[in-house]
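> Structure for this input, please:
(2 chains)
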Amino acid sequence: MRADEINKAGGLKVGNDVYHIKIVSYDHKALAADAATAANKLVFQDKVKYIIGNAVGATCNAVQTVTEPEKVLFSFVCWGTANLGPDKPYSFRAMLSQWEVADPFYRWVKEKHPQIKRVALISPNDTSGKDTNTAVVKALKGLGFEVAADEYYERGTKDFYPILTKLLATKPDMLDVAAAPAGEGGLILKQARELGFKGAKGWTAGTNPFTIIGVAGKEAAEGVWSPLNINVKSDFVSQTVRRFGEEYEKRYKEVPGVIAIANYAAFDVITKAMQDARSLETDKVLAALTQKPFDTVWGKLVLGGKETYGIDRQFLYPMVISEVRDGKVVDIAQVLPAALKK
Amino acid sequence: MSIELLVQALLNGFGLAMAYVLVALGLTLIFSILEIINFAHGEFYMLGGYVTYYVYALFGLNYFATLVLAIVTVGIAGVVAERLIFHDLRGKALNAFIVSLGLLWVMQAGAQLGFGVLDKPVPSAFSGVVRVFGLVMSVERIVVSLTAIVLIVGLYLFLRLSRPGRAMRAVGPGSGRRRAPGRQHRRRLRPRLRCRLRARRRRRRPAGPALRGEPGDGRAAGRQGVHHYYRRRHGQPAGGRPGRPAPGRRRGSRRALHGQRRRQHPRFSHGDRGPARAAAWARRWSVAPPAPAAGVALIAVAAAVLPLLTRDSYYLDVATTILMNLTLTMSFRLQVSTGQINMAHISFMGIGAYASALLVTRVGLSFWATLWIGALVAALLAVPIGSVALRVSGPYYFLITFAFSEVVRLFFNNFFEGLFGGPSGLVGIPKPGRLLGLVFDSKLALYWLMAVISVVVVLAFVRLDYSRFGLTAGAIRQADLVAETLGVNVFRYKLTTFVLGSFVAGLAGVFFAHYRQVLHSSDFGLEPMVLLVVFAVIGGTGSVWGPVVGTIVMTLASELLRELHHYEILVFGAVLILTMLFAPEGLVALPGAVRRFLRRPRRRAPAPTGAGLAP
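As a prediction, this is how the structure comes out:
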């Protein structure tokens, strides 16, 4: 969508040249080996210098085996601490991960809902799930919460009664469906309600509260807090974001999820960095990327994360905490990352 | 665990079991009557779900009306699948199973194309929970459980008491339908009879006792299979030299299968003239006869010439992937040559890959040592697994090996995360490094390494295929009962191919680990395994060249179709189905089929095409 906007506006002006942007995309079927082959094709056959959008943890590692030696800039939305580091200078994450979100989110929970002491976590058994639960457990322990349960399920599970029976027997004050995708998260909340759970509900790494409401139903989804999502229709977002949301919905017939916005923002930031660097060379663009904040659909955005990953390659932008109220997503708080406060 | 929690867990388990029963009833019915393991059964279940979403959730139709509509829709889809796809594959369990894998892909990709990839929320028709003595069960679960119980009883009564039910049982396995007279039976026998008559005409003499036997007699059919097999492979009827008395031929075949006097016997001597000379040449030089040797030479030359034509990293990567797939497919085909579709073959690749990666990164061994150790670990593990799995055959063998592959995948994914990398995968695997002053870390060097491994593997397997071992394996695939009756230790042969195939799969796995430098359990799951089946089947499993053709064609097709995104599997699934229906012997048999078609006698039915995958 961003490429179309730039092309419609006459192309991307870098220095004295104007470029027409062409998107090349392949599917790797979420298989690491296939991801490496697809990356090979992008880099060596299509001569691509910028890759945006990969979303499955293990495949990011495979893509990086191709992009890093070839100095190809790789913007992804996979989660996992292993994907960022000083040994991978050409890779960066285009959305907040659980490592940026967990601590401020539970700090907010502690401040606003001091009665919550015991938190139970449930996530899918994959990179996202393991990493999210690890980050949340670390944040919970650091803030003095008690981890009542830390459970995993296989992706594709539809019956959560067995695991929820065990989990709810620990009497948690809050249930966090951490990294569960919207469909499974909705089912967990619905079945937890059927089993009599009436405590607080969170979705630390949730990306689409609208679907979770549809699957769980209004009653079961009521009160779910989600710190990662962006609500393009809320009062917290700027006119630019509202316009983006309207345009996206008109074009793709759905409300933009957080991953769509992340990739849009990544594309936007990279093209702005190209203009700043007055070059398409990845080294120069990378230098421009890390030099200053950018205005994006997220609001102000900087590259940070050195304290967690050892290198500033993590997008940092204002985090909005939303709550489901009567079947609608309402933004209730905004938290600025420390890097942006500076 | 408190007693209340235990009872609640049991109740949950019961509810879950009943939900599975609803799905499994249909699968069991299909398997028990049609002898088809329908891997696409879940996709029919999915179809019912989509009907419910669109009719009930979107258009607000009454739930029970939706239920009827969903049953009718899925029923119609089932009829269409049976008539168009499965009907002609009855009695061919392997072919039907492979077709169901293709159907699974077609339906999955079709659903993504037609219904999108986003979750479709469907409100529950039965809300609320029932609480008794502190135990909780949702109304939805109670309805599901009751429905499952009613269906179990209803289906049992239907199959036992009703006329259609009894008829269905009558045509099921073990019902003696093969001996029952009738139209279907005659249709099944017709190709065999035609084949016998043609063989008799060709020899211009009366049929010998070796071909006698009552229609439907398993031994006669088996001999017929052996007959077909050798004729197809060596261009001559299995009867041997004209004029040779039939009893001698029969006695000779037993000796041949025992390994005694094999070279003297015409059935095992590659025929009379040209083939006989080829066999003599092969015996003298202890290599494959000229045609196969030329094939291997062609592959070797092609592999050697490619880097001279291009040094483009992408092309080298594709070529290396083809060679890696070729090695794997050849080893898979070795097991297929005894009639076994080992659904855990890719798991042995994974075992070799993880073993080598850990030995290099944790123990500090050289790649050149772990190349063999990894393969050996895979082979050693194959001994107990094969010993258990090969006690059964057909659908039960698929299921055991499939279950093992899932165990391996989940083991790498869920256990010893610090060691195997867990869901994040194992990263930081180094490239092979130095050997004899050569550095193997560039794409070109790794290509050369894989080329050498592949050519050696192809040469070895071609040699094996034309050896007594390969001929006996082919005979086992065609008629294992007959082979066993003639004194062949069928189990030992099957286990040997299982272990040898796993060794080579492990070898490919070791290279894969150090080439890709990242390992993840999903690379050794169902989807890559099905792709492996596609490579073998599309090329043709009846010939040793089938996997070569299939791997090259399908890997290139995969690359060319990459831009189709996930619809690539739609094309692959469709190709798999069409191949199994119209060319079960694969691409390598196409020239022969065309030749036969052009030379077909007028006003006569075309000749049967031989063995293929189906027994």
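> Walking through chain B, point out its strands one by one.
B:129-132, B:135-138, B:433-435, B:438-440 (DSSP state E).
> Show me what the third one is packed up against.
In this structure, strand B:433-435 packs against strand B:438-440, with contacts taken as 3 or more Cβ pairs under 8 Å, 6 or more residues apart in numbering or on different chains; DSSP states H and E. In this view, the C-beta of every residue, glycine as well, is placed from N, C-alpha and C.
> re earlier: so which of the strands of chain B gets nearest A:Ala139?
Minimum separation from A:Ala139 across the strands of chain B (Cβ to Cβ) falls at strand B:135-138, 31.6 Å.
> got the CA positions of that closest one in CSV?
The C-alpha trace of strand B:135-138 is given here as CSV (Å, rounded to 0.1, in the frame of the first residue of the first chain):
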residue,chain,number,x,y,z
LEU,B,135,-18.2,-30.4,38.0
VAL,B,136,-18.6,-28.2,34.9
MET,B,137,-19.5,-29.2,31.4
SER,B,138,-20.7,-26.8,28.7
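> Sheet partners, orientation included, of it?
Using DSSP bridges, strand B:135-138 pairs in its sheet with strand B:129-132 (antiparallel).
> Go through the strand it pairs with and flag the buried ones.
Residues of strand B:129-132 classed as buried by neighbour count (16 or more other Cβ atoms under 10 Å in any protein chain shown): B:Val129.
> Report the distance from stretch B:152-166 to the chain centre.
33 Å (Cα atoms, centre = their mean, to the nearest Å).
> Contacts for that stretch next, please.
Under the contact criterion Cβ atoms under 8 Å, 6 or more residues apart in numbering or on different chains, stretch B:152-166 has outside partners B:Val21, B:Leu25, B:Leu29, B:Met168, B:Arg169.
> for the residues you listed, which one is nearest chain A?
Among the contacts of stretch B:152-166, B:Val21 lies closest to chain A (Cβ to the nearest Cβ), at 13.0 Å.
> Thought B:Val150 was touching the closest one, still the case?
No - between B:Val21 and B:Val150 there is no contact under Cβ atoms under 8 Å: 10.9 Å.
> Distance from the chain centre to stretch B:386-399, please.
Averaged C-alpha coordinates place stretch B:386-399 at 13 Å from its chain's average position (Cα atoms, centre = their mean).
> for the residue in the stretch 101-250 of chain B that chain A sits nearest to, what are its contacts?
Closest to chain A within the stretch 101-250 of chain B is B:Pro121: 3.1 Å, counting by Cβ to the nearest Cβ. Residues in contact with B:Pro121 (Cβ under 8 Å, 6+ apart) are A:Gly183, A:Gly186, A:Thr211, A:Gly214, A:Val215, B:Ala57.
> Could I get the contacting residues of the fifth one?
Translated: A:Val215. Shown in contact with A:Val215 (Cβ under 8 Å, 6+ apart): A:Ala182, A:Gly183, A:Gly185, A:Gly186, A:Leu187, A:Lys190, B:Asp119, B:Pro121.
> A:Gly305 - how many residues pack around it?
Neighbourhood size, A:Gly305 [other Cβ atoms under 10 Å in any protein chain shown]: 24.
> Next, count neighbours for B:Asn414.
Applying other Cβ under 10 Å, we find 15 residues neighbouring B:Asn414.
> B:Val21 and B:Val150: which is more packed in?
Legend: neighbour count by other Cβ under 10 Å for B:Val21 and B:Val150, higher for B:Val21 (17 against 10).
> Same list, the strands of chain B, but as a markdown table with mean pLDDT please.
Shown next, in a markdown table, are the strands of chain B (pLDDT from 0 to 100):
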| stretch | mean pLDDT |
| --- | --- |
| strand B:129-132 | 80 |
| strand B:135-138 | 80 |
| strand B:433-435 | 78 |
| strand B:438-440 | 78 |
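> Report the distance from stretch B:30-45 to the chain centre.
In terms of Cα atoms, centre = their mean, the centre of stretch B:30-45 is set 16 Å apart from its chain centre.
> Would you mark the buried spots in the lengthiest helix in chain B?
If you go by DSSP state H, chain B has its longest helix at helix B:3-34. Buried residues in helix B:3-34, counting neighbours by 16+ other Cβ under 10 Å, are found at B:8-9, B:11-12, B:15-16, B:18-19, B:21, B:26-27, B:30-31, B:33-34.
> Check those one by one and keep those near chain A.
B:Gln8, B:Ala9, B:Asn12, B:Gly15, B:Leu16, B:Ala19 (Cβ under 8 Å from any Cβ of the partner chain).
> May I have the phi/psi pair for the most centrally placed residue in chain B?
In chain B, the residue lying closest to the centroid (Cα atoms, centre = their mean) is B:Ile341, at 4.1 Å. The phi/psi pair for B:Ile341 (degrees, to the nearest 10) reads phi -100, psi 100.
> Helix or strand with the lowest mean pLDDT in chain A?
Lowest mean confidence among the helices and strands of chain A (mean pLDDT, DSSP states H and E): helix A:338-341, at a mean of 63.
> Which helix in chain A has the most residues?
With secondary structure taken from DSSP H, chain A has its longest helix at helix A:258-277.
> who touches the residue in the stretch 201-342 of chain A that chain B sits nearest to in this structure?
Nearest residue of the stretch 201-342 of chain A to chain B: A:Gly214, at 3.1 Å (Cβ to the nearest Cβ). The neighbourhood of A:Gly214, defined by Cβ under 8 Å, 6+ apart, consists of A:Gly186, B:Asp119, B:Pro121.
> Now with 10 Å, please.
Residues near A:Gly214 by Cβ atoms under 10 Å, 6 or more residues apart in numbering or on different chains: A:Ala182, A:Gly183, A:Gly186, A:Asn208, A:Ala221, A:Gly327, B:Ala57, B:Asp119, B:Lys120, B:Pro121, B:Val122, B:Pro123.
> Please convert the buried members of those residues into PyMOL selection syntax.
Listed next is the PyMOL selection for buried residues among the contacts of A:Gly214, using 16+ other Cβ under 10 Å:
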select buried, (chain A and resi 182+183+186+208+221) or (chain B and resi 119+120+121+122)
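> And A:Val66, how far from B:Pro528?
Per Cβ to Cβ, to the nearest Å, A:Val66 is found 19 Å from B:Pro528.
> before we move on, what about B:Val490?
B:Val490 sits 29 Å away from B:Pro528, going by Cβ to Cβ.
> Kindly report the same for A:Val177.
Applying Cβ to Cβ to A:Val177 and B:Pro528 gives a distance of 31 Å.
> Of those two, give the one with the bigger neighbour count.
Higher neighbour count among A:Val177 and B:Pro528: A:Val177, with 31 against 20, using other Cβ under 10 Å.
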